[in-house]
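Trainee: just a sequence and a predicted model for now, questions to come.
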Amino acid sequence: MPGGRLTQQERRQIALGLADSLPYAEIARRLERPTSTVTREVMRNGGPTAYRADLAHRAAERRAQRRGSAPVPGARPVLQPPGRDAEAVAEYEESLTTVLMATGLPKMPARVLTCLFTTDAGSLTASRLAQRLQVSPASISKAIAFLESQSLVRRERDEARRDRYVVDDELFYQATIASARSNDRLVAAARQGAAVLGRDTPAAARLENIARFLDFISESITRAAEQARAVLSTAPATPAPATPVHGTPAPATRPSAGGTGRG
């Protein structure tokens, strides 16, 4: 059985096997590799639905370069809290960056977003991002500008009057609403085209169908985002502790359907 690292051709065969809905064991058999190798490769690079052979290969090359390169002078290692596996975190960050790139994000914005997602504080300054990612401040500035244009990060000032870049639940709501608004613009453009081309033409009918579909999707997305925001922003009620009677905990009581239960 072949050993060593997976080749780019093997990764392409894995991608083809996933596209054909083959189980990991069958893909591994065709590659003459252990099933665990294929499973680890796929899960490290976005899972079976997001796996992309070329992105996975580039991620593997970056990992190999990182392991084999000397420490960058002045680079500050990312310290992890006690009990957190630094190598596992680094591998997860590579995997998440690959998944984000597969959704359409450029490489540097994907790296910045991954860095913010995996930071416990959920926010970092531009200089700290540059140190963690070992890139220039200009690269961070361009990535942040892109992410802000997509409503994926928020800028705020800290006590030292430095810009900090933040990710939180509210930003996902804002990004989802922005996506729905983009659909609304496309709906308007499709209906404008239908009017220009003539209501009784096949092209106009096609554009009107597109508009109706996207209009429905946009409304559904907006409604779902509003509902999710309301549910997730509501803190669960904390039950009052039971009062012991003669040393025995009192059983939990439920209010009756007709009121508070008082006579």
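Mentor: That came through fine.
Trainee: okay, domains of this protein per the record?
Mentor: 1-63+87-99, 105-167, 169-232 (automatic domain parsing).
Trainee: save the ones you listed as CSV, and put in mean neighbour count and mean pLDDT too.
Mentor: All C-beta atoms are positioned from the backbone trio N, CA, C, and that covers glycine. Formatted as CSV, these follow (neighbours: other Cβ atoms under 10 Å; pLDDT from 0 to 100):
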stretch, mean neighbour count, mean pLDDT
domain 1-63+87-99, 16, 86
domain 105-167, 16, 88
domain 169-232, 14, 89
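Trainee: the chain: strands as residue ranges?
Mentor: 123-125, 154-157, 163-166 (DSSP state E).
Trainee: these: which one's closest to Glu208?
Mentor: Glu208 lies closest to strand 154-157 among the strands of the chain, at 37.5 Å (Cβ to Cβ).
Trainee: partners of the closest one, with directions?
Mentor: strand 163-166 (antiparallel) (DSSP bridges).
Trainee: just how off-centre is the partner strand within its chain?
Mentor: Chain-centre distance of strand 163-166: 19 Å, with Cα atoms, centre = their mean, to the nearest Å.
Trainee: contact partners of it?
Mentor: The contact list for strand 163-166 (Cβ atoms under 8 Å, 6 or more residues apart in numbering) reads 112, 116, 122-126, 129, 144, 147, 153-158.
Trainee: if you set the cut-off to 6 Å instead, what comes out?
Mentor: Ser123, Thr125, Ile144, Val153, Arg154, Arg155, Glu156, Asp158 (Cβ atoms under 6 Å, 6 or more residues apart in numbering).
Trainee: now do stretch 152-160
Mentor: Contacts for stretch 152-160 (Cβ under 6 Å, 6+ apart): Leu147, Asp163, Arg164, Tyr165, Val166, Val167, Leu171, Ala175.
Trainee: mind putting those into JSON lines with distance to Thr98?
Mentor: Formatted as JSON lines, the contacts of stretch 152-160 follow (distance: Cβ to Cβ, whole Å):
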{"residue": "Leu147", "distance to Thr98": "17"}
{"residue": "Asp163", "distance to Thr98": "28"}
{"residue": "Arg164", "distance to Thr98": "26"}
{"residue": "Tyr165", "distance to Thr98": "21"}
{"residue": "Val166", "distance to Thr98": "24"}
{"residue": "Val167", "distance to Thr98": "18"}
{"residue": "Leu171", "distance to Thr98": "21"}
{"residue": "Ala175", "distance to Thr98": "20"}
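Trainee: how about these, which pair is most distant?
Mentor: Top of the distance list for these (Cβ to Cβ): Asp163 and Ala175, 19.7 Å.
Trainee: between the strands of the chain, which gets nearest to Arg199?
Mentor: strand 154-157 (43.7 Å).
Trainee: please state the offset of that closest one from the chain centre?
Mentor: Distance, centroid of strand 154-157 to centroid of chain: 20 Å (Cα atoms, centre = their mean).
Trainee: would you mind writing the CA trace of it as PDB?
Mentor: Extracted as PDB, the C-alpha positions of strand 154-157 are listed here (Å, rounded to 0.1, in the frame of the first residue of the first chain):
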ATOM      1  CA  ARG A 154     -18.000  45.200  12.800                       C
ATOM      2  CA  ARG A 155     -15.500  47.900  13.700                       C
ATOM      3  CA  GLU A 156     -15.500  49.500  17.100                       C
ATOM      4  CA  ARG A 157     -13.100  51.600  19.300                       C
END
